[in-house]
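**Q** kindly return the folded structure for what I paste below:
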Amino acid sequence: MNVLDWIVLLGTMLGIAAYGTWRTRHTDHLDTYLKGNRTTKWGTIGLSVMATQASTITYLSLPGQAYESGIAFIQNYFGLPLALIIVCAVFLPIYRKLGVYTAYEYLGRRFDAKTRLLGATLFLLQRGIQSGITIYAPAIILSTVMGWQLELTIVFTGLLVIVYTVTGGSAAVNLTQKWQMAVIFGGMVTAFVVLLMKLPADATHIAGAMGKLQAVDFTPDLERRYTLWSGLLGGLFLSLSYFGTDQSQVQRYIGGAALREGRLGLMFNAVFKIPMQFFIVMLGALLFVFYQFQPDTPVFFNQTEWRRHLEGSDAAKFRALEAKHAGLHAQRTAAARAWVLARDRGDAASESSARAAMAGAQKKVEAVRKEAKDALVAANPLAKTKDSDYVFITFILTQLPHGVIGLLIAVMFASALSSKAGELNALGTTSTIDLWRHFRPLAAHDEARNVRNAKRFTALWGLFAISFALFVGFAENLIEFLNIVASIFYPALLGVFIVAFFLKKVGGSAVFWGALAAQLVVIGIFVFGKVYPAREIGYLWLNPIGCAACVTFSLALQAVLPSRTDAAGG
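**A** Numbers count the residues shown, from 1 in each chain. Okay, the predicted model is just below:
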């Protein structure tokens with residue numbers, strides 16, 4: 001990065017943060033601080049919802065995931081449009097009618113206090129963990145750009161977002177996210193155009209021949225993570241959980257000018273979310289093709305980690321691995337070119353043998369990459385060897401023109417600030433409304449005190465996120481890890497809301513214990529699959545299983561419990 005990159009980067013990020021802080025510096029009413037401005041229009045709501053879910057992990061990790069596994073991850077979103085229609089028809093009108101600050105307030109009115117606390121606790125656990133994952137992603141950027149330690153960058157980015165989120169609350173989040181999304185879209189389109197200019201004419205054919213463009217898998221196999229069926233059913237329930245019960249999303253759309261504004265904002269996401277994600281996974285698939293032909297393709301994309309070992313006591317070993325990879329990569333490039341020539345000639349027999357040679361060369365490259373990762377672990381048992389999250393940032397830093405590099409880095413930080421701010425704001429809101437005010441009911445009408453506590457809780461959750469990111473390593477691709485965590489904690493919570501909306505005869509005690517039992521079922525299935533990997537099912541299936549278990553257990557328990565007398569309303 002040169003001076004121009006730094007000017008673009010710092011100017012974009014500090015400008016957005018300062019703008020949000022200044023515009024919301026006098027936010028001293030709890031309703032505005034937690035819900036945002038009541039004049040918020042649907043466009044701002046729609047972009048805010050999209051920005052909260054589409055974190056740095058989406059733009060940094062998803063291309064790397066597609067680089068490794070192809071575009072099949074897009075199936076994860078197939079159930080999303082229907083889920084948003086259901087949220088618009090069922091969830092949103094109830095939240096608006098009751099005028100709640102959080103989704104879990106509704107559970108308290110529908111059932112009882114313990115069910116409300118259970119819902120809030122499940123959210124806080126899940127989103128608290130995810131906030132640590134979210135803050136880990138921008139640390140990858142700075143550690144790659146500057147060669148800094150991950151720990152330093154985690155602390156820096158975490159403190160930055162805490163400052164302006166605590167200052168302005170939900171109003172600051174909504175106000176800044178629309179500008180952040182503008183930077184994000186502009187930067188990603190720029191990267192895509194530059195990548196297309198550097199690709200060979202047969203790029204999509206090469207990606208298809210290497211299995212990177214299979215978008216839909218019709219296989220009825222529960223062990224496959226991404227299929228049409230897991231996407232439609234598991235993705236539907238996961239999206240219902242995210243948009244209907246996750247306070248970081250609910251908070252974005254319950255505070256608009258009217259019910260219509262919230263609905264239009266959600267429908268904006270229903271229309272544009274899948275195309276946006278498809279654009280990003282295609283970027284990753286094309287990056288795979290780009291690095292087929294790039295002579296200086298690294299053996300390990302986390303070059304900051306790799307260079308440390310090149311300068312260490314095992315330097316000769318790591319240089320030998322680099323040389324071995326360079327030779328095999330040259331063979332892979334030659335095999336890809338041979339396949340393109342055979343295809344252009346229309347020689348079916350030659351094309352078939354050339355495709356087999358290309359696939360064989362790819363396996364050899366992957367084998368030496370595994371050797372490199374094993375060497376890293378041997379040298380440092382704590383080394384993080386999942387390098388797919390570094391693929392896109394490597395392309396940005398080595399292939400884009402100066403100025404554009406600064407813009408793309410700003411994109412990553414903008415989305416980090418967007419998502420992180422939304423998460424912290426929601427965590428602070430839930431802690432204040434569902435915990436603090438529950439145990440201190442006399443303080444409910446002390447407006448200034450409640451705002452102060454909301455800011456304190458927001459800051460505390462920010463510090464928790466920083467601590468989690470500092471001390472926990474990630475074995476999975478980050479975007480998959482986020483969805484795995486959600487698929488463990490959210491199915492039971494969604495089941496509670498399904499019971500609340502549609503099963504009026506079920507009371508608080510039945511749904512409380514039913515949800516706890518369902519949570520144990522989900523954890524049991526997940527742990528069992530890890531212990532016996534041959535029987536591990538795709539994590540998306542945990543969502544319908546857990547939700548169905550909660551509903552079933554609640555109905556069964558209500559049948560043996562006394563008549564419903566503990567519900568607070570219905």
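**Q** residues near the nearest residue to Phe192 once chain neighbours are set aside, how many?
**A** Counting by Cβ to Cβ, 6 or more residues apart in numbering, Phe192 lies nearest to Leu283, which is 5.6 Å off, once chain neighbours are set aside. C-beta coordinates here come from the backbone N, C-alpha and C atoms, glycine included. Counted with other Cβ atoms under 10 Å, residues neighbouring Leu283 total 22.
**Q** next, Leu283: secondary structure please.
**A** Three-state call for Leu283 (DSSP: H, G, I helix; E, B strand; the rest coil): helix.
**Q** so how far is Asn76 from it?
**A** Going from Leu283 to Asn76 by Cβ to Cβ, to the nearest Å gives 16 Å.
**Q** try Leu555
**A** In terms of Cβ to Cβ, Leu555 sits 30 Å off from Asn76.
**Q** low-confidence stretches in the stretch 151-300 of the chain?
**A** In the predicted model, the stretch 151-300 of the chain carries pLDDT under 70 at residues 164-165, 167-181, 255-257.
**Q** all helices of it, in order?
**A** Using DSSP state H, counting those that start in this stretch, the helices found in the stretch 151-300 of the chain span residues 203-209, 228-229, 235-245, 247-253, 259-293.
**Q** need the winner for burial among those helices.
**A** Most buried of the helices of the stretch 151-300 of the chain, by mean neighbour count (mean count of other Cβ atoms under 10 Å): helix 247-253, with a mean of 28.
**Q** can you pull out the low-pLDDT segments for the stretch 1-150 of the chain?
**A** 12-13, 16-40, 48, 51-55.
**Q** follow-up on the earlier one: mind checking how far the residue nearest to Phe192 is from Ser69?
**A** Leu283 is 14 Å from Ser69, where distance means Cβ to Cβ.
**Q** now swap in Ala316 and tell me
**A** From Ala316 over to Ser69 the distance is 33 Å, taken as Cβ to Cβ.
**Q** give me the more crowded residue out of the two.
**A** A side-by-side neighbour count of Ala316 and Ser69, using other Cβ under 10 Å, places Ser69 first with 21 against 9.
**Q** ok, and the closest non-adjacent residue to Phe278?
**A** Excluding the flanking residues, the one nearest Phe278 by Cβ to Cβ, 6+ apart is Ile74, at 5.4 Å.
**Q** repeat that for Val506.
**A** Nearest non-adjacent residue to Val506, counting by Cβ to Cβ, 6+ apart: Gln558, 4.7 Å away.
**Q** surely that neighbour meets Gly507?
**A** Yes: the pair Gln558 / Gly507 is scored as a contact, 6.5 Å apart, by Cβ atoms under 8 Å.
**Q** give me the more crowded residue out of those two.
**A** More crowded of Gln558 and Gly507, by other Cβ under 10 Å: Gly507, with 26 against 20.
**Q** model confidence score at that one, please.
**A** Predicted confidence (pLDDT) for Gly507: 91.
**Q** any idea how far it lies from Pro491?
**A** Gly507 is 21 Å from Pro491, by Cβ to Cβ.
**Q** what residues are up against the residue nearest to Phe278?
**A** Going by Cβ atoms under 8 Å, 6 or more residues apart in numbering, Ile74 touches Ala215, Gly231, Ile274, Gln277, Phe278, Val281.
**Q** dump those residues into TSV; add distance to Ala500 as well.
**A** Shown next, in TSV, are the contacts of Ile74 (distance: Cβ to Cβ, whole Å):
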residue	distance to Ala500
Ala215	36
Gly231	26
Ile274	29
Gln277	30
Phe278	34
Val281	35
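**Q** closest to Gln251 among these?
**A** Nearest to Gln251 out of the contacts of Ile74 is Gln277 (Cβ to Cβ; 22.5 Å).
**Q** any idea how far the closest one is from Ala137?
**A** 16 Å.
**Q** now swap in Phe439 and tell me
**A** 34 Å.
**Q** number of residues surrounding Gly99?
**A** With other Cβ under 10 Å as criterion, Gly99 counts 10.
**Q** now do it against Gly132, distance only.
**A** Separation of Gly99 from Gly132 (Cβ to Cβ): 32 Å.
**Q** what of Thr429?
**A** Distance from Thr429 to Gly132, by Cβ to Cβ: 18 Å.
**Q** next: Asp246.
**A** 16 Å.
**Q** could the helices of the stretch 151-300 of the chain go into TSV alongside distance to Phe192?
**A** Below are the helices of the stretch 151-300 of the chain laid out as TSV (distance: least, Cβ to Cβ, whole Å):
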stretch	distance to Phe192
helix 203-209	12
helix 228-229	26
helix 235-245	25
helix 247-253	27
helix 259-293	6
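**Q** which residues touch Gly327?
**A** By Cβ under 8 Å, 6+ apart, Gly327 has no neighbours at all.
**Q** now do 10 Å
**A** Lys364, Val368 (Cβ atoms under 10 Å, 6 or more residues apart in numbering).
**Q** assign it to helix, strand or coil.
**A** Classification of Gly327 using three-state DSSP returns helix.
**Q** just the pLDDT at it, thanks.
**A** pLDDT, read off for Gly327, is 94.
**Q** for it, give its distance to Val299.
**A** 11 Å.
**Q** give me the common contacts of these two.
**A** Counting by Cβ under 10 Å, 6+ apart, the residues touching both Gly327 and Val299 are Val368.
**Q** show me what contacts Gln247?
**A** 34, 101-104, 119-120, 123-124, 127, 254, 422-423, 425-430, 433-434.
**Q** show me the strands in the stretch 401-550 of the chain, by range?
**A** Under the criterion DSSP state E, counting those that start in this stretch, the stretch 401-550 of the chain contains no strands.
**Q** can you give me the helices in it?
**A** 404-430, 437-439, 447-471, 478-502, 508-531, 542-560.
**Q** now the last one: buried residues?
**A** Think helix 542-560. Neighbour counts using 16 or more other Cβ atoms under 10 Å place 542-551, 553-555, 557-558 of helix 542-560 among the buried residues.
**Q** try the fifth one
**A** By neighbour count, with 16+ other Cβ under 10 Å as the criterion, the buried positions of helix 508-531 are 508-515, 517-519, 521-522, 525-526, 529.
**Q** from those, pick the one nearest Met188.
**A** Distances from Met188 to those, taken by Cβ to Cβ, are shortest for Phe526, at 32.9 Å.
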